[in-house]
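**Q** Model the following, please.
(2 chains)
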Number of protein chains: 2
Amino acid sequence: MSEPPVETVDISRLSTEAADFESRLEALLAWEGVSDAEVQARVAEIIAAVRERGDAALIEYTGRFDRLKVTAMSELTLGAARLEQAFHGLPAEQRDALAQAAERIRLYHERQKPASWSYVEEDGSVLGQQVTPLDRAGIYVPGGKAAYPSSVLMNAIPAHVAGVREIVMVVPTPDGVLNELVLAAAHLAGVDHVFTIGGAQAVAALAYGTESVPRVDKIVGPGNIYVATAKRAVFGQVGIDMIAGPSEILVVSDGGTDPEWLAMDLFSQAEHDEDAQALLVSWDARHLAEVEAAIARLLPTLEREAIVRQSLARRGALIRCRDRAEAVTLINRIAPEHLELSLADPHALLPEVRHAGAIFMGRYTAEALGDYCAGPNHVLPTSGTARFSSPLGVYDFQKRSSLIHCSEAGASALGRVASVLARGESLTAHARSAEYRIKE
Amino acid sequence: MSEPPVETVDISRLSTEAADFESRLEALLAWEGVSDAEVQARVAEIIAAVRERGDAALIEYTGRFDRLKVTAMSELTLGAARLEQAFHGLPAEQRDALAQAAERIRLYHERQKPASWSYVEEDGSVLGQQVTPLDRAGIYVPGGKAAYPSSVLMNAIPAHVAGVREIVMVVPTPDGVLNELVLAAAHLAGVDHVFTIGGAQAVAALAYGTESVPRVDKIVGPGNIYVATAKRAVFGQVGIDMIAGPSEILVVSDGGTDPEWLAMDLFSQAEHDEDAQALLVSWDARHLAEVEAAIARLLPTLEREAIVRQSLARRGALIRCRDRAEAVTLINRIAPEHLELSLADPHALLPEVRHAGAIFMGRYTAEALGDYCAGPNHVLPTSGTARFSSPLGVYDFQKRSSLIHCSEAGASALGRVASVLARGESLTAHARSAEYRIKE
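**A** Numbers count the residues shown, from 1 in each chain, chains lettered A, B, ... in the order given. Okay, here's the model as predicted:
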């Protein structure tokens, strides 16, 4: 880089022209959220205990892990009235902001609702697809420092829009500390009731049900390694969302955005935790140096400076590429959770973007706007899984059933085809079942 | 039942009026596809070996498990020309049936393709969702007796319709035996190339890539316990479809369908394997007895009589319920993979069906027609997972990216909301990133 900043920042500086670029990029991106054998064994034990002893096991684990001395599940249950009370107890500014965010998220997700469809063939046969909501969804909300009301909105509103009959939330409250903003968000998002339990025991309770906790059909929401391991273990018994890795952003800048804005956009990702990843790509070397200088200048002003410094040092990078085309190659190689196209004409690039969780276009669309209130979901595929997965959405709380209604003529025609294929697979009862419907 | 059949059939007879009904039903439905610690350890070892040694490990395992003595991956590779040759080598009747089935499956799945969408808000901000296909899909096809060409069509055609750039198929060929129908189906379905490998090693190769096998983004298709365990292990590295349990059907009859047709429909499910499940529900006791008599009469005429007898004895049932409403309750309780509504007016019942993989309506719509050629997918959620999952479809080979493009005015308005919420979560870099975009 031509102009080194005055203060130095501990962050990787990569160039696509360097011989070791691919290996350095790979090392930066590497992430595998494996749980070791000990975690797996403890989770398996907890799940078995909850399946066997139900509420008693929940009360026991909650006492042990969250230091809550209770004797009945009723003490770990919050009803709709308590959630509403939390909402009305908020300062007006927070209440209004939360309500505005909830309304925008609802409006966006309404657009995602697919319709059932069917069509009639010439012979009168009907084919189609019926879309129905899940009966019951479980929302996991982490306790302690990572308890985010915005996550409650983002996880529960799509379920509500989908038409899920009952939305159950679990949130651990270590030492009995409740987060009023989280409860208020649950009220706004249509959560029916809350259990103040967490960890693998809460996941097990949602997956299998206990005397008090109803069995759900799908569990969504982030959690620590025990929660993630438990979700993986119950996958199949219930549906789960993706197991999330650390959050990441890839910003592509053409050099025309204020370097301080970009520095702060990178910080907003890096401040999540020490594993979070903030990457900036540009073909403008001078601009990269300016952003680096802005990073150095602004870092000392951050409340979460220590976390940001660590995550930038460990997993951040300023990447110089040759041109716009190479930036596109990098986007699709990385398949970022958040992609910020800080460009004069982001729409020109859009058709070439094959893999990204959410795409923030133009200089004004900070990722933070999408995190809270633009409307689209902030639960997004991480660690390159945008190659094959999608933002959390209404579709995650619905399922489809195929519809087939053959007319007499249709069954006769299809019967001939099915008979040949079934006999080719030596499944002769299939063939004979089809042949009964053939009209000679 | 009032009229016991002349020959006796070993199958459970349940009545919803019996005191032990719920517990007997639960025992019949119980299924948990767990792989024991030994299987898990062997699979973990195989995956590690393929990640480490690539093609060499594939060649070694294929030699050991499939008894194929080869020295290079080229001997385990079939290109497009070989697939086409298989298709043209088929007897005309089979070729035509396969082509007709493929065409109908393609037409149905074309209807599933979702479109990208976006909308403009009053202040000029744009929100939307961009739908894109996966780059590469892997189709696992079992070898030996369960090698079904229809499964190749059902797994690969949705990928092709979705626009997947490259479709890779793996199929083990123990002792070098190729199934020409399977290869012909691969040709029709748009498979690009085939590797004759199987087991956990094939799953590992698709998930991580080797020198010869390209890394895919999603792996679909059925397999034995090693394949299922491997798929579960690589979930997250790649996408996977559901881990399938044994196949099942629930037939609801109003008494108006020929008992022999229904008996054969039940057989067509039971003949799959000893764990397959065939259930018949009716409120007409006489009709149930007639179907039972038809079962007894037809059983000795079946090619796969031994398998059918076993699966009916172990997991089949004739269930008498009180009325139509109770039949609906049973449907939603069981959430069957295949639901046959053998009724005069199946459409009247349809809005009440909340959970089912595929719904076969009317007396003419045998499940076998859907298995092969009606059009909808035959890869369906089993073991009650229709509560939360869907038939395999085009949507499984696509993903969505959220789009957000804020206008200056939009960013300013959203910035105020995001700032309040971010500060409520103590994420002040988020807040400041949003605040930069506020216009005073």
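
**Q** Return the distance of residue A:372 relative to residue B:422.
**A** 6 Å (CB to CB, to the nearest Å). No exception for glycine: its C-beta is placed from N, CA and C like everyone else's.

**Q** who has more neighbours, these two?
**A** More crowded of residue A:372 and residue B:422, by other CB atoms under 10 Å in any protein chain shown: residue A:372, with 33 against 27.

**Q** Leaving out the residues flanking it, which one is nearest to the more buried one?
**A** Spatial nearest neighbour of residue A:372, excluding adjacent residues (CB to CB, 6 or more residues apart in numbering or on different chains): residue B:418 at 4.2 Å.

**Q** Output the helix or strand harbouring that neighbour as CSV, restricted to C-alpha atoms.
**A** Using DSSP states H and E, residue B:418 falls within helix B:408-424. Output of helix B:408-424 as CSV, limited to C-alpha atoms (Å, rounded to 0.1, in the frame of the first residue of the first chain):
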residue,chain,number,x,y,z
GLU,B,408,-30.5,8.6,1.5
ALA,B,409,-33.9,9.4,3.1
GLY,B,410,-34.5,5.7,3.9
ALA,B,411,-31.2,5.2,5.5
SER,B,412,-31.8,8.4,7.6
ALA,B,413,-35.1,7.2,8.9
LEU,B,414,-34.0,3.6,9.5
GLY,B,415,-30.8,4.9,11.1
ARG,B,416,-32.7,6.5,13.9
VAL,B,417,-34.5,3.2,14.8
ALA,B,418,-31.4,1.1,14.4
SER,B,419,-29.5,3.5,16.7
VAL,B,420,-31.9,3.2,19.5
LEU,B,421,-32.1,-0.6,19.3
ALA,B,422,-28.3,-1.1,18.9
ARG,B,423,-27.7,1.0,22.0
GLY,B,424,-30.3,-1.1,23.8
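
**Q** tell me the angle of the helix or strand following it relative to helix B:408-424?
**A** Of the helices and strands lying after helix B:408-424 in sequence (DSSP H and E), the nearest is helix B:428-436. Orientation of helix B:428-436 against helix B:408-424 (axes from the mean of the first three to the mean of the last three CA atoms, to 10 degrees) gives an angle of 160 degrees.

**Q** and helix B:428-436, what does it pack onto?
**A** For helix B:428-436, the helices and strands in contact under the criterion 3 or more CB pairs under 8 Å, 6 or more residues apart in numbering or on different chains; DSSP states H and E are helix A:259-270, helix A:367-372, helix B:408-424.

**Q** orientation of the first one relative to helix B:428-436 in degrees?
**A** Between the axes of helix A:259-270 and helix B:428-436, defined by the same axes, to 10 degrees, the angle is 150 degrees.

**Q** avg pLDDT for helix A:259-270?
**A** On average, the pLDDT along helix A:259-270 is 97.

**Q** next helix or strand past that helix?
**A** Scanning forward in sequence from helix A:259-270 by DSSP H and E, the next helix or strand is strand A:277-282.

**Q** Can you point out the buried residues in the helix or strand just after that following strand?
**A** Proceeding N to C from strand A:277-282, the next assigned helix or strand is helix A:285-298, under DSSP H and E. Neighbour-count burial for helix A:285-298, counted by 16 or more other CB atoms under 10 Å in any protein chain shown, picks out A:287-298.

**Q** Report whether the helix ranked longest in chain A contacts chain B.
**A** Ranked by residue count and defined by DSSP state H, the top helix of chain A is helix A:92-110. Yes. Counting by CB under 8 Å from any CB of the partner chain, chain B is contacted by helix A:92-110 at A:93-94, A:97-98, A:100-101, A:108.

**Q** Listing request: residues of the stretch 101-250 of chain A with sub-threshold pLDDT.
**A** In the predicted model of the stretch 101-250 of chain A, residues A:145-146 satisfy pLDDT under 70.

**Q** Up against chain B, what does it have?
**A** So far as CB under 8 Å from any CB goes, the stretch 101-250 of chain A lies against chain B at A:101, A:108, A:111-112, A:114, A:117, A:119, A:125-127, A:129-130, A:132, A:134-135, A:148-150, A:181, A:217-218, A:232, A:235-236, A:238-239, A:242-243.

**Q** can you tell me the helix or strand for the residue most central in space within chain A?
**A** In chain A, the residue lying closest to the centroid (CA atoms, centre = their mean) is residue A:379, at 2.8 Å. Residue A:379 is part of no helix or strand, with elements assigned from DSSP H and E.

**Q** That one: what's it in contact with?
**A** If you count contacts by CB atoms under 8 Å, 6 or more residues apart in numbering or on different chains, residue A:379 has them with A:151, A:154-155, A:220, A:222, A:241, A:244, A:391-392.

**Q** one more time with 7 Å, if that's ok
**A** Residues in contact with residue A:379 (CB atoms under 7 Å, 6 or more residues apart in numbering or on different chains) are A:154-155, A:241, A:391-392.
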